[in-house]
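*Asks:* My questions concern the predicted model and sequence given below.
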Amino acid sequence: MIASAVGLGVYQLTHPIFFWYLNLSIHMNTLVTTELKIEPKSFDEWVNALAEFQMPIFCQTARNIHDIMDDNKKGTMELASVILQDPNLTLKLLKLSNSVAFNPSRQKIVTVSRAILNLGAVMVKEMTLLCTFFESIQSSDNKAQATEAIAQAIHAAMQAKALAEKIHDASPEEIFTATLLYQIGKISFWCFSHGQGERIQQLVKEGKTREAAEKSVLGFKLSDLSLPLSKTWKLGGLIEEAAEKFPISKNPRVQLVHLGHEMVDALRIGTNSKPFLTCIKKIENLTQLSTNQIFNQIKMSVALATDIVRQLGDEDPLGLLDKETQQQDIEPITPVDKIQLQFQFSQEIAIIINDHLDINVLLETVLEAIKRGVVMDRVLFSLLSANKQTLNEKLSIGWHKDLGSKIVFNVIDAPVNLFYKALSDSRACWFKPSVDPHLYSMYDVNVIGKTECFITPIFTNNKATGIMYADRAIERKPLATEDFNAFNYFTQQANMGLSIYRMQKSI
């Protein structure tokens, strides 16, 4: 199945560090405002205030991604479905998926499911975390400083993960996440601060060191926030150990986390500086690599981190790019024209049909084409039960339901409901409550609402055995003829692919 192809479940997220995805949303009863009306005045007040915010990195999307990746039975479509709930996240993820850093072959990736297949689920999870980091910035006053803090965390995480891979660490991904979240206190402050953050910046401009400016305005260093926030959010594991045992720890994995951040600080001073040469010596002792090998690895990590930051919509806030890299054009993250996107999806589906047809990938791509290309809120593929009384969900995108639950449609012939009517037709149907109120049974309304929808029958040996369903029941945007035509076209591609697949299986 898909899960085995993608590798879901191979890397089990059992380390305590990954439960940071769950804990804030579990322990919060209400979603508080994302803007500080009155800034806290003490260390404890700042800890309490930041602890109550639900930053985007702690959102339901992150929680659902964790749940899916921790379940061997979940596959590409479940993971893609969660990501597709957030259009902005989808665009950013595809942007990164098509960058040189993550896609050196430059094979165009149009769909989220294809990105997962090409890059691997663990890599997609890391990229999703990086994308949501930038959505955490709520303060327009200190956006530049928040961006710099996030960029520094990304760069440090890339350096630490690369070192972990060189020493054959059992879980470089855990090193990556722990390093990324190591400065979560500082990042949280800059994402939400206003006047106090501006005063810190002013003191730095006047010549004070950053730590001295922080203590002058706040009475504490921003780095001091990480440990209590880690404990409050129950991040646990490596990130809490790294924050608690700074700067000295005998755990080599904690040392990797610290070394990632030390390297970023040293690079900003210069490659001839004493801090940088000290980092090189530490890396030599850890990895047994030569100085040239270490320099090349550092350069690769700098390029990768910088590419990620720029792909997500910012310039080089750390000033670590070389001139050659600075001259490369980075396209802005903007939605693709709907007609162009439909054409790209059509090409993608044609390639799947004509080249090593995989029925699961075909159906996933068709559903994503309808969801994003036709811009529908909810899309679903269902198969008819053996007794022909129900249509049971096989794949879906956009439905607000618990993970693992399945949508079931009743097929009623007396009186006829819309699903019986759709299965009796040979073409795509456009149902409207205002025109066909008699087709909407009470059960149908409870499942889908009283909303317009498109339904196409799916055939096996000229017999309807399932349906493709789509609607805009969430955004409530009107359906148009061009939408119906595009939906009909993609479902025809699905039926054609299914016919070819059955012919290949019978040979």
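*Replies:* Structure's in. What do you need?

*Asks:* since we're on residue 38, how many residues are nearby?
*Replies:* 8 (other Cβ atoms under 10 Å). For every residue, glycine as well, the C-beta is placed using N, CA and C.

*Asks:* Just the element for the most centrally placed residue in the chain, please.
*Replies:* When Cα atoms, centre = their mean is applied to the chain, the residue found nearest the centroid is residue 128 (2.7 Å). Using DSSP states H and E, residue 128 sits within helix 121-134.

*Asks:* and residue 88, which of the three is it?
*Replies:* The three-state label given to residue 88 by DSSP: H, G, I helix; E, B strand; the rest coil is helix.

*Asks:* thinking again about what came up before, could you identify the helix or strand that succeeds the helix holding residue 128?
*Replies:* helix 143-166.

*Asks:* Was I right to think residue 449 contacts residue 474?
*Replies:* No - contact between residue 449 and residue 474 fails when scored by Cβ atoms under 8 Å: they sit 9.5 Å apart.

*Asks:* low pLDDT regions in the stretch 151-300 of the chain?
*Replies:* Along the stretch 151-300 of the chain, the parts satisfying pLDDT under 70 run over 236, 245-249.

*Asks:* what are the phi and psi values for the residue nearest to residue 262 when sequence neighbours are not counted?
*Replies:* In space, and not counting its chain neighbours, residue 262 is closest to residue 279: 5.5 Å by Cβ to Cβ, 6 or more residues apart in numbering. For residue 279, the backbone dihedrals are phi -60, psi -40 (criterion: degrees, to the nearest 10).

*Asks:* residue contacts, residue 279?
*Replies:* 259, 262, 263, 266 (Cβ atoms under 8 Å, 6 or more residues apart in numbering).

*Asks:* looking at the residues you listed, which has the most residues close by?
*Replies:* Neighbour count (other Cβ under 10 Å) singles out residue 263 as the most crowded of the contacts of residue 279, with 25 neighbours.

*Asks:* one step back: quick one: the helix holding residue 128 to helix 143-166, angle?
*Replies:* Interaxial angle, helix 121-134 versus helix 143-166 (axes from the mean of the first three to the mean of the last three Cα atoms, to 10 degrees): 160 degrees.

*Asks:* Who are the packing partners of helix 121-134?
*Replies:* helix 60-69, helix 76-84, helix 87-97, helix 112-119, helix 143-166, helix 172-181 (3 or more Cβ pairs under 8 Å, 6 or more residues apart in numbering; DSSP states H and E).

*Asks:* Give me the pLDDT for the closest residue to residue 173 other than its chain neighbours.
*Replies:* Spatially, and ignoring its direct neighbours in sequence, residue 173 is nearest to residue 122 (5.7 Å; Cβ to Cβ, 6+ apart). Listed pLDDT for residue 122 reads 76.

*Asks:* was I right about residue 122 contacting residue 172?
*Replies:* No - in this structure residue 122 lies outside contact range of residue 172 using Cβ under 8 Å: 9.7 Å.

*Asks:* Counting by contacts, list what the longest helix belonging to the chain packs against.
*Replies:* Ranked by residue count, the top helix of the chain under DSSP state H comes out as helix 481-506. If contacts are counted by 3+ Cβ pairs under 8 Å, 6+ apart, helix 481-506 sits against helix 338-354, helix 359-368, strand 453-460, strand 463-471.

*Asks:* I'd like these as TSV, with distance to residue 204 and mean neighbour count appended.
*Replies:* TSV is the format used below for these (distance: least, Cβ to Cβ, whole Å; neighbours: other Cβ atoms under 10 Å):
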stretch	distance to residue 204	mean neighbour count
helix 338-354	45	17
helix 359-368	46	24
strand 453-460	57	21
strand 463-471	53	21
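
*Asks:* Switch the ones you listed over to CSV, and while doing so, append mean pLDDT and distance to residue 488 to every line.
*Replies:* Converted to CSV, the helices and strands packed on helix 481-506 look like this (pLDDT from 0 to 100; distance: least, Cβ to Cβ, whole Å):
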stretch, mean pLDDT, distance to residue 488
helix 338-354, 88, 12
helix 359-368, 89, 12
strand 453-460, 94, 7
strand 463-471, 95, 10
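
*Asks:* Put together CSV for those, with distance to residue 225 on each row.
*Replies:* CSV is the format used below for the helices and strands packed on helix 481-506 (distance: least, Cβ to Cβ, whole Å):
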stretch, distance to residue 225
helix 338-354, 42
helix 359-368, 40
strand 453-460, 49
strand 463-471, 45
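
*Asks:* ok so, going back, what angle do the helix holding residue 128 and helix 76-84 make?
*Replies:* For helix 121-134 against helix 76-84, the angle by the same axes, to 10 degrees is 10 degrees.

*Asks:* Can you lay out the contacts of residue 279 as a markdown table showing secondary structure?
*Replies:* A markdown table is the format used below for those (three-state DSSP):
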| residue | secondary structure |
| --- | --- |
| 259 | helix |
| 262 | helix |
| 263 | helix |
| 266 | helix |
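
*Asks:* So which of those is the closest to residue 286?
*Replies:* Minimum distance to residue 286 across the contacts of residue 279 is 7.7 Å, recorded for residue 259 (Cβ to Cβ).

*Asks:* Break this structure into its domains for me.
*Replies:* For the chain, the structural domains run 1-30+56-135, 142-321, 338-506, going by automatic domain parsing.

*Asks:* returning to that earlier point: out of the helices and strands packed on helix 481-506, nearest to residue 115?
*Replies:* helix 359-368 (10.5 Å).

*Asks:* Check the offset of that closest one from the chain's centre.
*Replies:* 20 Å (Cα atoms, centre = their mean, to the nearest Å).

*Asks:* can you check stretch 256-270 too?
*Replies:* The answer for stretch 256-270 is 27 Å, by Cα atoms, centre = their mean.

*Asks:* how about the helices and strands packed on helix 121-134 in JSON lines, adding mean neighbour count?
*Replies:* Below are the helices and strands packed on helix 121-134 laid out as JSON lines (neighbours: other Cβ atoms under 10 Å):
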{"stretch": "helix 60-69", "mean neighbour count": "20"}
{"stretch": "helix 76-84", "mean neighbour count": "25"}
{"stretch": "helix 87-97", "mean neighbour count": "21"}
{"stretch": "helix 112-119", "mean neighbour count": "24"}
{"stretch": "helix 143-166", "mean neighbour count": "23"}
{"stretch": "helix 172-181", "mean neighbour count": "26"}
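
*Asks:* For those, give me JSON lines that also has distance to residue 240.
*Replies:* Putting the helices and strands packed on helix 121-134 into JSON lines (distance: least, Cβ to Cβ, whole Å) gives the following:
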{"stretch": "helix 60-69", "distance to residue 240": "18"}
{"stretch": "helix 76-84", "distance to residue 240": "27"}
{"stretch": "helix 87-97", "distance to residue 240": "27"}
{"stretch": "helix 112-119", "distance to residue 240": "29"}
{"stretch": "helix 143-166", "distance to residue 240": "16"}
{"stretch": "helix 172-181", "distance to residue 240": "9"}
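
*Asks:* With residue 209 as the reference, name the closest of the ones you listed.
*Replies:* Nearest to residue 209, of all the helices and strands packed on helix 121-134, is helix 143-166, at 15.2 Å by Cβ to Cβ.

*Asks:* Next, count neighbours for residue 394.
*Replies:* 16.

*Asks:* for it, what are its contacts?
*Replies:* Taking Cβ under 8 Å, 6+ apart as the criterion, residue 394 is in contact with 363, 381, 382, 383, 466.

*Asks:* If I look at residue 43, what pLDDT would I see?
*Replies:* Per-residue pLDDT puts residue 43 at 91.

*Asks:* Which parts of the host helix or strand of residue 395 count as buried, going by neighbours?
*Replies:* Using DSSP H and E, residue 395 sits in strand 390-397. Of all the residues in strand 390-397, those buried under the rule 16 or more other Cβ atoms under 10 Å are 391, 393, 394, 395, 396, 397.

*Asks:* pretty sure the second one is touching residue 406, no?
*Replies:* This points to residue 393. Yes - the pair residue 393 / residue 406 is scored as a contact, 4.5 Å apart, by Cβ under 8 Å.
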